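>>> Provide a 3D model corresponding to the input given below.
(chains A and B)
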2 protein chains.
Amino acid sequence: MIISKSNRLQTVTEYYFSNKLKEIDRLKTQGHAVLNIGIGSPDLPPPKAVLETISKAALQDNVHAYQSYQGTPELRNAIQKFYQKNYDTALHADTEILPLMGSKEGIMLISLAFLNQGDAVLIPNPGYPTYTSATKLVQAKPIFYKLSQENNWFPDLKELEKENLENVKIMWLNYPNMPTGKLATKKLFTELISFAKKHKILLVNDNPYSFILNKKPMSILTVPDAKSVAIELNSLSKSFNISGWRVGMALGKKEYLKAILQVKSNMDSGMFYGIQKGAITALNLDTDWFEKLNETYRFRRKIVWKILDKLNCTYSKNSVGLFVWAKLPKNKKAIEFTDDLLQNKKVFITPGTVFGTNGEGYIRVSLCASENMLTEILNRLN
Amino acid sequence: MIISKSNRLQTVTEYYFSNKLKEIDRLKTQGHAVLNIGIGSPDLPPPKAVLETISKAALQDNVHAYQSYQGTPELRNAIQKFYQKNYDTALHADTEILPLMGSKEGIMLISLAFLNQGDAVLIPNPGYPTYTSATKLVQAKPIFYKLSQENNWFPDLKELEKENLENVKIMWLNYPNMPTGKLATKKLFTELISFAKKHKILLVNDNPYSFILNKKPMSILTVPDAKSVAIELNSLSKSFNISGWRVGMALGKKEYLKAILQVKSNMDSGMFYGIQKGAITALNLDTDWFEKLNETYRFRRKIVWKILDKLNCTYSKNSVGLFVWAKLPKNKKAIEFTDDLLQNKKVFITPGTVFGTNGEGYIRVSLCASENMLTEILNRLN
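Alright, predicted model coming up:
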């Protein structure tokens, strides 16, 4: 290659799953029936009304030109109402809501909008790997903060206060938490807002799992004065099984969203009109939708619990979200354990270390697998 | 705002159009019928078969999960065949083609993938403003190269050789050229490839206007050994009137595309399956489509020429693409001229200076306006 890659690319490695999926493909080519319960890609169909809306909208012949960076007012209003109804927030639809092409896009946009080279960023360990890669791509410095079972999978703010926080500009939060399935409390969010104000840190709560196996969705924006230091990311991917549509949003103070929009307007464009229309239909659905969806996930989770019992793992029955996070038997290493399982039983489960060093000794099982597949896995372990 | 924006955001200003559109909205609110021929957003309907495909695909209930970052093999194959048929290239569908969410996304991804802070980037003046903003967002340094009517709107490579090119890592090209409507020649591309090899510069030809009022689409990748230093961006936005879908692509050497993918996989995801299916239908269409499309644009362009005659402007009748680029009467300034027109005739045309200092003395008229609107503008000028 005559022209070399940028230095920022030396800092990010290939996504663990990307390599693992290649290995799984090889096994499949060799004739093995690999059962994959490692990936959190919703397999259930989206609401029928949502598909009918996008399908119908796509047939109109005058809706295919560039869309506004900020989405249609109708979409922003639907998000506003959805948030008000489910999270009890009072956001301004025109200035405090910014539709995004997935919340993953938001992680990079926020990093570009607020971080300078050398700034520090607080990132949960274990946590979603994209917080780290976005931080590194803008050449800022990740400082991992520990989440542990002993501390309820909450950040230990007393410990954090002992560190040098001078260069910290962003703290990533992710409640309901992935991978641990832990819910936040109002008290935790209130303490975090105080902490962020004291140290002038932008808190970003990544909140895509609110509606999965959870009846108490909570937004960090409901804490008094939260908006001075906090923004929230959310997504329709998991709530409505449309992860492939790329519909997410940032919510919060006008000035913060303006900075994000400034990056966004220089690198992409508004989302397809049909997708916006479908998203509006989804946001306006009755809560019946979530009840039915969660019925399926509850059923699947019971089988997953049996699988984990068979594997001598322990887990909380109160966790929420699309995964079950489980502790391995004593002295077992996550990668060894999951590699063994893949080799001997042809079952793929995600090792906790994918999410950071504090994931050692844990595995994460996805609920995005049919009852049939889960039952077959259970049988293979018998 | 307690947390400040990143330094990179101090370098980019609000897009000219964004401010101007607000002014136009104000005039409209005051009751003025403003006619806007400033913006290049295709107003004609997409091919009917394309809409039917996306509409049908959207109704399937098992195609809404995350898609591969690299798009479906079927989409990459369709792009490969389209490029072979129209540009006579021989690209490898799996490694030399990368679907993108619009080519605009590509400009930022390429900047992130190859530029370090302080690197220099050659950018055409006049040229598409996004090359500059993406360069500034990664804190690299734009070096504007002159395009002038005297030099056929081609870069003057002899002049460029006199400059210090040591830190230059990327050179942006855009042929068929926007805003000037100038076609490249094989000779120009060949000279550019030699120049890029000599100076170890990555050439990126942004090529979205090939099929508009042009019968000789040309890819820089057809120059022998071009792939060692050149990549191409393309888009379905203008060719098939689906700018709102965000379908673009990068084409070129495997290693370069891998670097782009490394950025992309950390910041977004693959595109909606229905959009990919619709794009495949578009790419497989008969060339009849372009003939019919250009019939309309040719008709519109005749009226635009009359408008420009009325304004005492001069222009080339051989230019291609979605715009007519015209020289103002002697001593007229672009912004004064277009502001006068907006105030007195309530007609908005883009001043050439939006595209850089060398756009002074020019205006750009869009062909994305109906025959009726263009005729009314002509009448207003009478």
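>>> got a list of what the residue sitting nearest the centre point of chain A touches?
Central residue check for chain A by C-alpha atoms, centre = their mean: the C-alpha nearest the mean position is that of residue A:208, 5.3 Å away. By C-beta atoms under 8 Å, 6 or more residues apart in numbering or on different chains, the contact set of residue A:208 is A:103, A:233, A:234, A:235, A:237, A:238, A:239, A:248. C-beta: built from backbone N, CA, C; applies to glycine.
>>> which of these come close to chain B?
Subset of those in contact with chain B: residue A:237, counting by C-beta under 8 Å from any C-beta of the partner chain.
>>> tell me the one among the contacts of residue A:208 nearest to chain B.
Taking C-beta to the nearest C-beta as the measure, chain B lies nearest residue A:237 of the contacts of residue A:208, at 8.0 Å.
>>> got the contact list for that closest one?
By C-beta under 8 Å, 6+ apart, the contact list for residue A:237 reads A:42, A:102, A:103, A:208, A:243, A:245, A:247, A:248, B:66.
>>> select from those residues every entry located in strands.
Among these, DSSP state E puts residue A:248 in strands.
>>> so what touches stretch A:38-51?
Taking C-beta under 8 Å, 6+ apart as the rule, stretch A:38-51 contacts A:17, A:20, A:178, A:237-238, A:240-243, A:278-279, A:281-282, A:285, A:289, A:293, A:296, A:322-323, A:348-350, A:364, A:366, A:368-370, B:58-59, B:61-62, B:64-66.
>>> change it to 7 Å
Stretch A:38-51 is touched from outside by A:17, A:237-238, A:240-243, A:278, A:281-282, A:285, A:289, A:293, A:296, A:322-323, A:348-350, A:366, A:368-370, B:58-59, B:61-62, B:64-66, with contacts defined as C-beta atoms under 7 Å, 6 or more residues apart in numbering or on different chains.
>>> tell me which residues of it come out buried.
Neighbour-count burial for stretch A:38-51 flags A:38, A:39, A:40, A:41, A:42, A:43, A:44, A:46, A:47, A:50, A:51 (criterion: 16 or more other C-beta atoms under 10 Å in any protein chain shown).
>>> one more: stretch A:339-350?
Residues of stretch A:339-350 classed as buried: A:341, A:342, A:346, A:347, A:348, A:349, A:350 (neighbour count, 16+ other C-beta under 10 Å).
>>> restricted to strands, list the contacts of residue A:208.
Secondary structure defined by DSSP E assigns A:233, A:234, A:235, A:248 of these to strands.
>>> quick one: the helices in the stretch 1-150 of chain A?
Taking DSSP state H, counting those that start in this stretch as the criterion, the stretch 1-150 of chain A carries its helices at A:16-29, A:48-59, A:73-87, A:103-114, A:129-137.
>>> can the longest one be said to contact chain B?
No - applying C-beta under 7 Å from any C-beta of the partner chain, one finds that helix A:73-87 is not in contact with chain B, the shortest distance being 13.3 Å.
>>> longest helix in chain A, by residue count?
The residue-count maximum for a helix in chain A (DSSP state H) belongs to helix A:288-310.
>>> buried ones in it?
Neighbour-count burial for helix A:288-310, with 16+ other C-beta under 10 Å as criterion, is recorded at A:289, A:290, A:293, A:294, A:297, A:300, A:301, A:303, A:304, A:305, A:307, A:308.
>>> tabulate the ones in strands among the contacts of residue A:208 in CSV, adding columns for neighbour count and pLDDT.
Below are these laid out as CSV (neighbours: other C-beta atoms under 10 Å in any protein chain shown; pLDDT from 0 to 100):
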residue, neighbour count, pLDDT
A:233, 26, 98
A:234, 28, 98
A:235, 25, 97
A:248, 24, 97
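>>> make sure residue A:353 is indeed in a helix.
Yes - judged by DSSP: H, G, I helix; E, B strand; the rest coil, residue A:353 forms part of a helix.
>>> gap between it and residue B:194?
Residue A:353 sits 50 Å away from residue B:194, going by C-beta to C-beta, to the nearest Å.
>>> settle it for me: which of those two has more neighbours?
Legend: neighbour count by other C-beta atoms under 10 Å in any protein chain shown for residue A:353 and residue B:194, higher for residue A:353 (19 against 14).
>>> so who does that one touch?
Contacts of residue A:353 by C-beta under 7 Å, 6+ apart are A:334, A:335, A:359, A:360.
>>> identify the spatial nearest neighbour of the residue nearest to the centre of chain A, chain neighbours not counted.
residue A:235 (4.1 Å; C-beta to C-beta, 6 or more residues apart in numbering or on different chains).
>>> next, format the contacts of residue A:237 as JSON lines and append distance to residue A:78.
Listed next are the contacts of residue A:237 as JSON lines, based on distance: C-beta to C-beta, whole Å:
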{"residue": "A:42", "distance to residue A:78": "20"}
{"residue": "A:102", "distance to residue A:78": "17"}
{"residue": "A:103", "distance to residue A:78": "17"}
{"residue": "A:208", "distance to residue A:78": "17"}
{"residue": "A:243", "distance to residue A:78": "19"}
{"residue": "A:245", "distance to residue A:78": "15"}
{"residue": "A:247", "distance to residue A:78": "11"}
{"residue": "A:248", "distance to residue A:78": "14"}
{"residue": "B:66", "distance to residue A:78": "23"}
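>>> re the thing from before, surely the residue nearest to residue A:208 and residue A:103 touch.
Yes - assessed by C-beta atoms under 7 Å, residue A:235 is found in contact with residue A:103 at 4.2 Å.
>>> and for the two, which residues touch both?
Common neighbours of residue A:235 and residue A:103 (criterion: C-beta under 7 Å, 6+ apart): A:208, A:248.
>>> ok, now which ones touch the spatially closest residue to residue A:177 that is not a sequence neighbour?
Closest residue to residue A:177 apart from its sequence neighbours, by C-beta to C-beta, 6+ apart: residue A:153 at 5.7 Å. Contact analysis of residue A:153 by C-beta under 7 Å, 6+ apart lists A:147, A:177, A:180, A:182.
>>> tell me the buried residues within those residues.
So, by 16+ other C-beta under 10 Å, the buried ones in those are A:147, A:177, A:180, A:182.
>>> closest to chain B among those?
Of the buried ones among the contacts of residue A:153, the one sitting nearest to chain B (C-beta to the nearest C-beta) turns out to be residue A:177, at 20.7 Å.
>>> give me phi/psi at the closest one?
Main-chain torsions, residue A:177, degrees, to the nearest 10: phi -80, psi 140.
>>> rewinding a little: distance of the residue nearest to residue A:177 from residue A:181?
Distance of residue A:153 to residue A:181, computed by C-beta to C-beta: 8 Å.
>>> what's the answer for residue A:311, then?
17 Å.
>>> higher neighbour count, these two?
Shown here are residue A:311 and residue A:181; by other C-beta under 10 Å, residue A:181 has more neighbours (24 against 19).
>>> secondary structure element holding that one?
Using DSSP states H and E, residue A:181 falls within no helix or strand.
>>> residues in contact with it?
A:319, A:320, A:321, A:323, A:324, A:325.
>>> and the residues you listed as a markdown table, adding secondary structure and pLDDT?
Formatted as a markdown table, the contacts of residue A:181 follow (DSSP: H, G, I helix; E, B strand; the rest coil; pLDDT from 0 to 100):
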| residue | secondary structure | pLDDT |
| --- | --- | --- |
| A:319 | coil | 95 |
| A:320 | coil | 98 |
| A:321 | coil | 98 |
| A:323 | strand | 98 |
| A:324 | strand | 98 |
| A:325 | strand | 98 |
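>>> out of those, who's nearest chain B?
Taking these together and measuring to chain B by C-beta to the nearest C-beta, the closest member is residue A:323, at 15.4 Å.
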